[in-house]
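Student: Here's my sequence, what's the structure:
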Amino acid sequence: MWLSLYYGIGRYVSINLQQAHWGAKALDSISERLQCELPGLRGFSSCNLKKMRIFYEEWQCLSIGSPLANQLQQLENKIEELGALDGNAVLFILLYTAITVIQMLKSDRIGRKSK
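Tutor: Numbers count the residues shown, from 1 in each chain. Predicted structure coming up:
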């Protein structure tokens, strides 16, 4: 849940900064407004908003509909079908997922270079 939230906020911030809708101090202003309007809200400092933008920009290859995202969704569905798993099974699935992601990212980069 948190990753989806951070990814979505990062996307929104990234798009608005890239399209020059916002200036250099926009994140400071947004963070201050959030803290004023929602006292006690934590995790939305200017620095964290920048990190969310970077997170989105680094992982946008996982956006919904991308081949990599589709494969990861299929893997997640298989994990849910299996139900409760022991620690070794979870570790195996995480390692398999990491290897799959790395291979797809490498092949995507190689495909872009050859075009």
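Student: use CA for all of it now, contacts and neighbours both
Tutor: Noted.
Student: so where's this protein shaky on pLDDT?
Tutor: For the chain, the stretches with pLDDT under 70 are 1, 61-66, 68-69, 71-73, 75-77, 79-95, 97-98, 101, 104-105, 108-115.
Student: at 80 what do you get?
Tutor: 1-5, 20, 24, 59-115 (pLDDT under 80).
Student: what's the burial count for residue 50?
Tutor: Counted with other C-alpha atoms under 10 Å, the neighbours of residue 50 add up to 18.
Student: which secondary structure element contains it?
Tutor: helix 46-59 (DSSP states H and E).
Student: Show me what that helix is in contact with.
Tutor: With contact meaning C-alpha atoms under 8 Å, 6 or more residues apart in numbering, helix 46-59 is reached by 6, 7, 8, 9, 10, 11, 13, 14, 27, 28, 30, 31.
Student: from those residues, which would you call buried?
Tutor: Neighbour-count burial (16 or more other C-alpha atoms under 10 Å) applied to these gives 6, 7, 8, 9, 10, 11, 13, 14, 27, 31.
Student: Dump those to a markdown table, plus distance to residue 60.
Tutor: A markdown table is the format used below for these (distance: C-alpha to C-alpha, whole Å):
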| residue | distance to residue 60 |
| --- | --- |
| 6 | 12 |
| 7 | 8 |
| 8 | 10 |
| 9 | 12 |
| 10 | 10 |
| 11 | 8 |
| 13 | 13 |
| 14 | 11 |
| 27 | 20 |
| 31 | 23 |
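Student: before we move on, the earlier item: in strands only, show me the contacts of helix 46-59.
Tutor: Assigned to strands by DSSP state E, none of these qualify.
Student: From those, which land in helices?
Tutor: The helices, defined by DSSP state H, take in 6, 7, 8, 9, 10, 11, 13, 14, 27, 28, 30, 31 from these.
Student: Could you save these as CSV and add columns showing distance to residue 41?
Tutor: Output for the ones in helices among the contacts of helix 46-59, formatted as CSV (distance: C-alpha to C-alpha, whole Å):
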residue, distance to residue 41
6, 15
7, 18
8, 18
9, 15
10, 17
11, 20
13, 18
14, 22
27, 16
28, 15
30, 13
31, 10
